[in-house]
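Trainee: sequence first, predicted coordinates after that:
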Amino acid sequence: MVGREADSAVHAPLALVEDALATGKGVAEVEARFRTALEDPAVRAQVPRLDPASVAQGCIAPNTLVRFRGLVQDMWNPEYYVGAYKTPIADTWKHSHYLDCASVPEQAETQLMERKPLLCISVPGEASWCASPEDEQRSQDFLSGNFEPQSSSQSKRPRDDQEEDAEMEDAPPGQQADHSIDHTSKRRPCAANASDERPNALSLPWKGLDVHACLVKLYGDASESLRLNDVVDFYGLYTVSPELTVFAEGGASFDETAPPGSQLPRLHCIFFDKLDSPCPDFPVPDSQDIVQRADALKSTAGEARNAVFELLRVTLGGDALAAEFLLLQLLSRVHKRTGEMTLGSHSLNLAGCETSSPLLETLLHILHALCPRAIAAPMTLESFNEGDWTPKKNYDTGRLEPGILQVAGATHILLDETRMQAGNLGESGLKGLEALKLVMETQQLEYDFQYYKMSMPTDLAFTILSHGKSLLAADTVVPLRMQSGPEEVFTLLKGLPLAKLRLYLWIMRGLSSEAIFQDDISASIEERIIAMRQKDKSLGPKDFHRLLNLSKLMAASHGRPMDLSDWDRVELLDAERRSRLNGWSPRQLSE
């Protein structure tokens, strides 16, 4: 039974939808049937991914079961649609879920229902290796033509007759424009937000990144468990409608607009899975599973650490000190929030970088090889004065316009300040700079709703490349001393077991603060702090908090609880770092 349903779910999803709805149990039964049919990961891997390449190449036919991994960027107002209708002849209710527009017989009695549209985007900066091996192979087969797309005959449409679609496509413009609901209309509009008059309405701020959007429509109460910035795997029907209509009643219309399906594909969600980790084989941070996996890696943690360190050292032109701090940076994350304090996060400023150096591109390439999510953002007068760093509500369109910083958790953001030139920041630029400072310091991103602002928690790692000390107050500033070009790293990269290194970094990063810091060393750490304070009166609570955080990261990098050797090692590294800073001229510090 499951085998037949699995085949139907992948190759004839509408038939399985019809069978489930015929039970009278609604969309809950549809979800249950499809979850059971796609329980096997190998079966799920057969479901094609919805992306611009597959749509442009015509690989996906309408009403194909597809999947889309996306970040919930915006949650639109509820949408009303004809969810069921009954004809005088049949005298039975027929459901019309999972369609943009239902083909309703004349004189039919209808029931309006509600669904929730979500604007979702592919996860900015997510590495291609985050997909499972089966998923990646299936994607390659799909785009190379080894997968036979579902034909119109396979995607049988008992509820939405093909001839009626053709009739509507060929109808005169005057007829197509008449969208009012009455009891003589053959085609009943479903969509509340619809307009093809804004071809460039969808604008995304991540320049140079392959970020694409999808309009996901949720049924039932499924949307209640989702929040902005959640990363979700959606499974549902891909639909293409020649025209999307605007629902109007009593002269009042919903004026929320959406770009056409060619720019913004529609996915009618059957079920979804909220993702707590970016890869199928990555355990959830702070979980018992991650502790067990860390124990299993103890014997190889030192070898993995050395490999990552060497990779970073070569990337940074042979600078071992900077490589140590960057390694610790890759392991940092938010562990706890106490009032306005955020514990565990760390920001790094690599100073002394040249504008024309290939370091930015090389480092970003290495971050993509090691981290599940990484993006680069330029810090220039133009990017601040004209760019969108934070999300803003546009009440003319009813949409939340995304900002550069609206990215998924565990994203490493590489900020390039080397191209910053002298000039004036306008009001928008100052707001962008302040928003960036706020996220770095508090791990809170402000959403601008014009009449009020709302802060949402983030978990982002920031590394800044700059000439002198950055405009942003990074936790740790390391003057970079490159002795060779970073390009040599590509030769080293080829012979490394990257999958093992990625898993090592993720697991050690995911260890809880309690698993790393043991209370029995608290007294010894206090003695170290008192001794340091006596030697250098300029050191304050913020400095000691930073050193303690780095010591925990040092212990995590070795895959074990923290001991005094970690504090001593960090203290030596920080002394060398401060020595470099003291050797800089005032001009270098202010550049």
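Mentor: Noted; the coordinates are in hand.
Trainee: just after the worst-scoring helix or strand of the chain on mean pLDDT, pick out the following helix or strand.
Mentor: Lowest on mean pLDDT, DSSP states H and E among the helices and strands of the chain sits strand 252-253, with a mean of 31. The element immediately downstream of strand 252-253 (helix or strand, assigned by DSSP states H and E) is strand 266-274.
Trainee: buried residues in that next one, which are they?
Mentor: 266-272 (16 or more other C-beta atoms under 10 Å). Where you see a C-beta, it was placed from the backbone N, CA and C, and this is true even at glycine.
Trainee: same check, this time on stretch 392-407
Mentor: Neighbour-count burial for stretch 392-407, counted by 16+ other C-beta under 10 Å, picks out 392-393, 397-407.
Trainee: what of stretch 4-17?
Mentor: In terms of neighbour count (16+ other C-beta under 10 Å), stretch 4-17 has its buried residues at 5-6, 8-17.
Trainee: quick one, strands of the stretch 51-200 of the chain?
Mentor: Under the criterion DSSP state E, counting those that start in this stretch, the stretch 51-200 of the chain contains strands at 64-75, 79-86, 93-95, 102-103, 109-121, 187-188.
Trainee: beta partners of residue 71?
Mentor: Going by DSSP bridges, residue 71 is paired in beta bridges with residue 121, residue 231.
Trainee: so how far is residue 408 from it?
Mentor: When C-beta to C-beta, to the nearest Å is applied, the distance between residue 71 and residue 408 equals 5 Å.
Trainee: what residues are shared contacts of these two?
Mentor: In the contact map built from C-beta atoms under 8 Å, 6 or more residues apart in numbering, the residues linked to both residue 71 and residue 408 are 123-124, 229, 231.
Trainee: hmm, what's the outermost residue in this protein?
Mentor: For the chain, the C-alpha farthest from the mean C-alpha position belongs to residue 89; by C-alpha atoms, centre = their mean, that distance is 49.6 Å.
Trainee: which residues touch that one?
Mentor: Residue 89 makes no contacts at all, as judged by C-beta under 8 Å, 6+ apart.
Trainee: tell me the pLDDT of it.
Mentor: As predicted, residue 89 sits at a pLDDT of 79.
Trainee: also residue 166?
Mentor: Each residue has a pLDDT score; the one for residue 166 is 32.
Trainee: which SS class is the residue nearest to residue 316 when sequence neighbours are not counted?
Mentor: When the adjacent residues along the chain are set aside, residue 316 lies closest to residue 322, with 4.8 Å between them (C-beta to C-beta, 6 or more residues apart in numbering). Taking DSSP: H, G, I helix; E, B strand; the rest coil as the rule, one finds residue 322 in the helix state.
Trainee: how many neighbours does residue 322 have?
Mentor: As a burial measure, residue 322 scores 25 neighbours (other C-beta atoms under 10 Å).
Trainee: for residue 574, see how far away it is.
Mentor: When distances are taken as C-beta to C-beta, residue 322 and residue 574 turn out to be 13 Å apart.
Trainee: just residue 407 next, same as before
Mentor: Using C-beta to C-beta, residue 407 is found at 30 Å from residue 574.
Trainee: which ones among the buried residues of stretch 392-407 are found in helices?
Mentor: With helices taken from DSSP state H, there is no overlap with the buried residues of stretch 392-407.
Trainee: export these to a markdown table and tack on pLDDT and distance to residue 342?
Mentor: What follows is those, written out as a markdown table (pLDDT from 0 to 100; distance: C-beta to C-beta, whole Å):
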| residue | pLDDT | distance to residue 342 |
| --- | --- | --- |
| 392 | 93 | 24 |
| 393 | 92 | 25 |
| 397 | 85 | 33 |
| 398 | 86 | 33 |
| 399 | 90 | 29 |
| 400 | 93 | 24 |
| 401 | 93 | 26 |
| 402 | 95 | 23 |
| 403 | 94 | 20 |
| 404 | 95 | 20 |
| 405 | 96 | 15 |
| 406 | 97 | 18 |
| 407 | 97 | 17 |
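Trainee: of the residues you listed, which pair is most distant in space?
Mentor: Taking C-beta to C-beta as the measure, the buried residues of stretch 392-407 span a maximum distance of 22.8 Å, between 398 and 407.
Trainee: helix/strand/coil for residue 422?
Mentor: Three states are possible here, and by three-state DSSP the one that applies to residue 422 is coil.
Trainee: that one: how many residues sit nearby?
Mentor: Should you count by other C-beta under 10 Å, residue 422 turns out to have 5 residues around it.
Trainee: same question for the one 3 residues further on.
Mentor: For residue 425, the tally of surrounding residues (other C-beta under 10 Å) stands at 14.
Trainee: tell me how far it lies from residue 384.
Mentor: Summarising the geometry, the distance separating residue 425 from residue 384, computed by C-beta to C-beta, is 6 Å.
Trainee: where do the contact lists of those two overlap?
Mentor: Taking C-beta under 8 Å, 6+ apart as the criterion, residue 425 and residue 384 both touch residue 433.
Trainee: of all the strands of the stretch 51-200 of the chain, which lies closest to residue 277?
Mentor: Closest approach to residue 277 among the strands of the stretch 51-200 of the chain (C-beta to C-beta): strand 64-75, 12.6 Å.
Trainee: any idea how far that closest one is from the chain center?
Mentor: On the basis of C-alpha atoms, centre = their mean, to the nearest Å, strand 64-75 is displaced by 11 Å from the centre of the chain it belongs to.
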